[in-house]
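>>> From the sequence below, what's the structure:
(one chain, ligands or ions: 1)
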Amino acid sequence: MSRLVIVSNRVPPRERTSLAGGLVIALREAIAGRDTLWFGWSGATSATPGKEPHLHRAGRLTLATLDLTTEDYAGYYRGFSNGMLWPLLHHRVGLSEFSRADLIAYRRVNRAFAAGLAPLLRPDDTIWVQDYHLFPLGAALREAGVRGRIGFFLHVPFPPRALWEALPDGDALVRDIGTYDVLGVQTDEDARHLNEVLSVNGQVPRARVFPIGIDPEAFATAARKAVAGTEVQRLCQSLGERALIVGIDRLDYSKGLPQRFRGFAQLLRRYPEHHNRVTFLQIAPVSRGDVAQYRSLRRELDELVGRINSEHAEFDWTPLRYLTRAVRREVLAGFCRVARVGLVTPLRDGMNLVAKEYVAAQDPEDPGALVLSRFAGAANEMDGAIVINPHDPDATAEALHMALTIAADERRARWGRMWRAVNHYTAAGWARSFLAALEASPASRAA
Ligand code: ADQ
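Next up, the predicted model:
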């Protein structure tokens, strides 16, 4: 079997490769079975970064990382990737901030990645590039003479053509995207949007759907174990008889947190029977705190939480508990298991793994209910969720009321359908099917 080469903006810190979140978990099985090189940014900035990657070997996995200059960090990462592309890809053109200098830095870093990676490559490597930070990497590798198969997976949505066209020089980026041998996205809608943009640029519309998932058994086991742990016990004691609603997200405007908080406030206003009977715990660790749009979101949420609590709290009850600290995954799994409702309301989300994790964490005999935004990729699969339009706080309130009051039989039936879905599209299946497609693609450039 050929060596697997993964390229992503960040490489997982070496001490955390066994338990980190997201991508590492999704790729764990693919990595475990074969020699793998994982290449990307170290997470460090320096005034004079070396051009050659730092190498770290751990068994069959080699991590290769580059540092960035502070200027490249600002232009490539904070500017173009997260200040321009992230909002645009999440259909939020109004939040996008374009700067020509950022675009130049983005292309410069992608070329530096290609230059750092190319000498490490072997002719038969299978190269898999991850996400929007690295759209031009495949084309840059081709320019550097790399001829093996190169695949790309986009973890976030792809917007309709009319929005994409707001991106200055977007056509050049689409030409770069068109050079990958396999192009994976999360949903049919993303594939339709990307394929239309490729077609009008004269590229082959080759985007295909590979929905990402989790390791449901592992998460279920972690959740079962965690309920006996100190943190979950303390949480349960603090709740008393009250039902728990849980929200877990990075603090990001795509996750619809202000709308979610307003929906919860609307529940308390419209359904007074839940007053002092329910507690909403939102865990949202600060993410990209140095990007302007994220700072203003944080201020907005601080104010909203204060207002909701001051309007509804009792001397012995805080309706909305809001934490911006990170919480260990094991503990989160336990919180999900004891929560009567999982509340997942992004305005746009590629997939949203928290929705799947909430389902996996439930007790099959007495499962909670999932309230899920129709704009999460996961909504396509989660027959059994209570699906809402997150822009409407009244719809959120009604869905929460339903989730808090539906009969146990219906909860079990809904959960059964969702459990089947999270087992149908798993992390391991995602990696396996993408790599199978990549390895089956014609080795046209390998000649
Ligand atoms: P994210 O936007 O980060 O990922 P999501 O898929 O929900 O969104 O979360 C990824 C992981 O981070 C999950 O395993 C979750 O448990 C963990 N996580 C989230 N909030 C946390 C918190 N408060 N504390 C600790 N851990 C937390 C991007 C796309 C998604 C897509 C994934 C994978 O935006 O749409 O599902 O990639 O492709």
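>>> what's the spacing between the strand or helix carrying Ala436 and its chain's center?
Using DSSP states H and E, Ala436 sits within helix 427-440. A distance of 19 Å separates the centroid of the chain from that of helix 427-440, by C-alpha atoms, centre = their mean, to the nearest Å.
>>> got the residues of the protein near the ligand?
21-22, 155-156, 212, 248-250, 283-285, 326-327, 329, 332, 349-354, 357 (C-beta under 6 Å from any ligand atom). In this view, the C-beta of every residue, glycine as well, is placed from N, C-alpha and C.
>>> now do 5 Å
Taking C-beta under 5 Å from any ligand atom, the part of the chain that reaches the ligand is made up of 21-22, 155, 212, 248, 283, 285, 326, 349-354.
>>> and whichever residue of the stretch 201-350 of the chain sits closest to the ligand, how many neighbours does it have?
Closest residue of the stretch 201-350 of the chain to the ligand, C-beta to the nearest ligand atom: Gly350 (3.1 Å). Residues near Gly350, counting by other C-beta atoms under 10 Å, number 26.
>>> you'd agree it is up against Phe153?
No: using C-beta atoms under 8 Å, Gly350 makes no contact with Phe153, being 9.9 Å away.
>>> can you pull the contacts of Ala399?
Val371, Ile386, Ile388 (C-beta atoms under 8 Å, 6 or more residues apart in numbering).
>>> In the chain, spot the strand with the most residues.
If you go by DSSP state E, the chain has its longest strand at strand 36-45.
>>> Partner strands of the helix or strand just after it and their direction?
Downstream of strand 36-45, the next assigned helix or strand under DSSP H and E is strand 54-58. Strand pairing for strand 54-58, determined by DSSP bridges: strand 61-68 (antiparallel).
>>> export the strand it pairs with as PDB, just CAs?
Below are the C-alpha coordinates for strand 61-68, written out as PDB (Å, rounded to 0.1, in the frame of the first residue of the first chain):
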ATOM      1  CA  LEU A  61       3.400   8.400  11.500                       C
ATOM      2  CA  THR A  62       5.800  11.300  10.700                       C
ATOM      3  CA  LEU A  63       4.700  14.900  11.400                       C
ATOM      4  CA  ALA A  64       6.400  17.600   9.300                       C
ATOM      5  CA  THR A  65       5.700  21.200  10.200                       C
ATOM      6  CA  LEU A  66       6.600  24.700   9.100                       C
ATOM      7  CA  ASP A  67       6.500  27.900  11.100                       C
ATOM      8  CA  LEU A  68       5.000  31.000   9.600                       C
END
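>>> Can we start the residue count at 46 from this point?
I'll keep to 46 as the first residue from here, and by that count the last item is strand 106-113.
>>> And the contacts of that strand?
Residues contacting strand 106-113 (C-beta under 8 Å, 6+ apart): 56-57, 59, 62, 76, 81-91, 94-96, 98-102, 121-122, 154, 157-158, 161-162, 165.
>>> mean confidence score for it?
Regarding strand 106-113, the rounded mean pLDDT is 96.
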